[in-house]
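> Attaching a predicted model along with its sequence, questions to come.
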Amino acid sequence: MKNFAEYKLVSLTNQVCLMCVVWFSLAGCSKYEQQQPETTDLVYYHLHGLWARNAAQVWVVGDDGDILHSTDGGEHWQQQKSGTEAQLISIYGSDSQLWIVGAAGTILHSMDDGEHWQPQKSGISSNCLQSAPALRSFGS
């Protein structure tokens, strides 16, 4: 016969398993399904820079050339095509113009709120931004 502590442990384990099954059922998942993340969920991006024109218009930049834009203060995000896979470090804007700096001398410019990005020549091919904190936060 099991002692009381072993019985309670088995009972508690069964209750936890039952709660997990109920939770997964309510969530509409099974442990065998793997849900794909939404492409605009910021949790899945490694971001470095943010610039807000106002309370609604916000841009963020990060690794792999990622540029995300929100028109509702960050509730929803749309990905903008940067045309690069470089790490983007910082973003700044004025009126409808936006500027981004990134690794290995990457500079991007948009004259239409990020709908189209044009690479700019910087004359830099190494990753000097990592050792220049002032450049990493330009415009902030």
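Right, received. Where do you want to start?
> alpha carbons only for contacts and neighbour counts from here, please
Noted.
> Domain map for the protein?
1-35, 42-136 (automatic domain parsing).
> where among those is the average confidence lowest?
Here the lowest mean pLDDT among the domains of the chain goes to domain 1-35, at a mean of 46.
> what are the ranges of the helices in the protein?
For the chain, helices defined by DSSP state H occupy the ranges 4-26, 133-136.
> What's the separation between Gly123 and Gly62?
For Gly123, the distance to Gly62 (C-alpha to C-alpha, to the nearest Å) stands at 22 Å.
> Also Gly93?
In terms of C-alpha to C-alpha, Gly93 sits 16 Å off from Gly62.
> Between those two, tell me which one has more neighbours.
Gly62 (22 against 19; other C-alpha atoms under 10 Å).
> tell me, how many neighbours does the closest residue to that one other than its chain neighbours end up with?
Nearest residue to Gly62 in three dimensions, chain neighbours excluded: Leu47, at 3.9 Å (C-alpha to C-alpha, 6 or more residues apart in numbering). Here the number of neighbours of Leu47 (other C-alpha under 10 Å) works out to 20.
> Leu47 against Asp64, yeah?
No. Using C-alpha atoms under 8 Å, Leu47 is not in contact with Asp64, being 9.8 Å away.
> so who does the residue nearest to Gly62 touch?
60-63, 66 (C-alpha atoms under 8 Å, 6 or more residues apart in numbering).
> give me the beta-bridge partners of Ala109?
Actually, residue 109 is His. It isn't Ala. Per DSSP bridges, the residues bridged to His109 are Trp99, Gln118.
> Count the neighbours of it for me.
Residue neighbour count, defined by other C-alpha under 10 Å, stands at 21 for His109.
> In contact with it, which residues?
Contacts of His109 (C-alpha under 8 Å, 6+ apart): 97-100, 117-120.
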